[in-house]
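K.L.:
Predicted model, plus sequence, below.
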Amino acid sequence: MAKVHVTTTINGEPMEFLCEPSDTMLDALRGPLALTGSKEGCASGDCGACSITIDDRLVCSCLMLAVESEGHEIRTIEGLAQGEKLHPLQQKFLEMAALQCGICTSGMLVASDALLKKNPDPSEEEVRFWLAGNLCRCTGYDKIVRAVMETAAEMRAN
């Protein structure tokens with residue numbers, strides 16, 4: 001089968017790539033685009049490890065066909081930091097040890113960033129609800145939730 005040419009924007013940069021019509025966005029990110037921060041944890045949309053945003057909407061890249069990115073704005077974990085300067089969420093996750101094995105971390109960060117863009121002052125309940133689609137086997141979520149809450153407070157203060 002012929003490959004499909006896709007033109008999109010990823011992390012603010014215009015991108016073009018070729019993919020099979022059946023390739024997921026996760027396949028394209030980790031393959032031809034060499035953006036390996038998004039992880040494959042389940043391939044069924046249950047774990048959130050592959051979370052990205054498309055036009056500021058949070059999605060599991062394992063459930064999205066790569067061809068569907070045509071003409072859209074994609075943001076991955078690689079687009080969170082500004083060069084060498086970590087995003088406040090990334091910095092807070094490090095400071096509060098809100099990560100362990102790393103499989104869920106990129107998805108948690110992308111989802112948390114999407115939440116704070118929609119609601120810069122979330123309650124703990126809202127943070128927990130928003131992150132319910134992201135599974136973590138290591139941390140028990142409390143450190144992650146506290147890191148998001150503290151980041152939100154610091155970002156509002158600045």
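P.N.:
That came through, no problem. Numbers count the residues shown, from 1 in each chain.
K.L.:
With adjacent residues omitted, what lies nearest to the residue most central in space within the chain?
P.N.:
Centroid-nearest residue in the chain, with Cα atoms, centre = their mean: residue 110, separated by 3.1 Å. Distance criterion Cβ to Cβ, 6 or more residues apart in numbering; nearest residue to residue 110, sequence neighbours excluded, is residue 51 at 4.4 Å. For glycine as for every other residue, the C-beta is placed from the backbone atoms N, C-alpha and C.
K.L.:
and what of residue 81?
P.N.:
Closest to residue 81 by Cβ to Cβ, 6+ apart is residue 87, at 5.5 Å.
K.L.:
check contacts around the one you found.
P.N.:
Listed by Cβ atoms under 8 Å, 6 or more residues apart in numbering, the contact partners of residue 87 are 80, 81, 109, 113.
K.L.:
residue contacts, the residue nearest to the third one when sequence neighbours are not counted?
P.N.:
In this case it means residue 109. The shortest distance from residue 109 to any non-neighbouring residue, by Cβ to Cβ, 6+ apart, is to residue 89 (5.4 Å). Taking Cβ under 8 Å, 6+ apart, we find residue 89 in contact with 80, 109, 112, 113, 116, 147, 148, 151.
K.L.:
Kindly recompute the last result at 10 Å.
P.N.:
Residue 89 is in contact with 80-81, 98, 108-110, 112-113, 115-116, 147-148, 150-152, 155, counting by Cβ atoms under 10 Å, 6 or more residues apart in numbering.
K.L.:
Mind giving me the PyMOL select for those, buried ones only?
P.N.:
Applying 16 or more other Cβ atoms under 10 Å to the contacts of residue 89 leaves a buried subset, and the PyMOL line that selects it is:
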select buried, resi 80+98+108+109+110+112+113+115+116+147+148+150+151+152
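K.L.:
and which of the contacts of residue 89 is nearest residue 130?
P.N.:
Closest approach between those and residue 130, by Cβ to Cβ: residue 115, at 4.4 Å.
K.L.:
do you know how far that closest one is from residue 2?
P.N.:
39 Å (Cβ to Cβ, to the nearest Å).
K.L.:
Where does the prediction get shaky in this structure?
P.N.:
Along the chain, segments meeting pLDDT under 70 are nowhere present.
K.L.:
Can I get the host helix or strand of residue 127 as PDB, trimmed to CA atoms?
P.N.:
Using DSSP states H and E, the element containing residue 127 is helix 124-130. Only the C-alpha atoms of helix 124-130 are listed here, as PDB (Å, rounded to 0.1, in the frame of the first residue of the first chain):
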ATOM      1  CA  GLU A 124      -7.600  18.700  44.100                       C
ATOM      2  CA  GLU A 125     -10.700  16.800  42.900                       C
ATOM      3  CA  GLU A 126     -10.400  18.400  39.500                       C
ATOM      4  CA  VAL A 127      -6.800  17.400  39.200                       C
ATOM      5  CA  ARG A 128      -7.500  13.800  40.200                       C
ATOM      6  CA  PHE A 129     -10.500  13.700  37.800                       C
ATOM      7  CA  TRP A 130      -8.400  15.100  34.900                       C
END
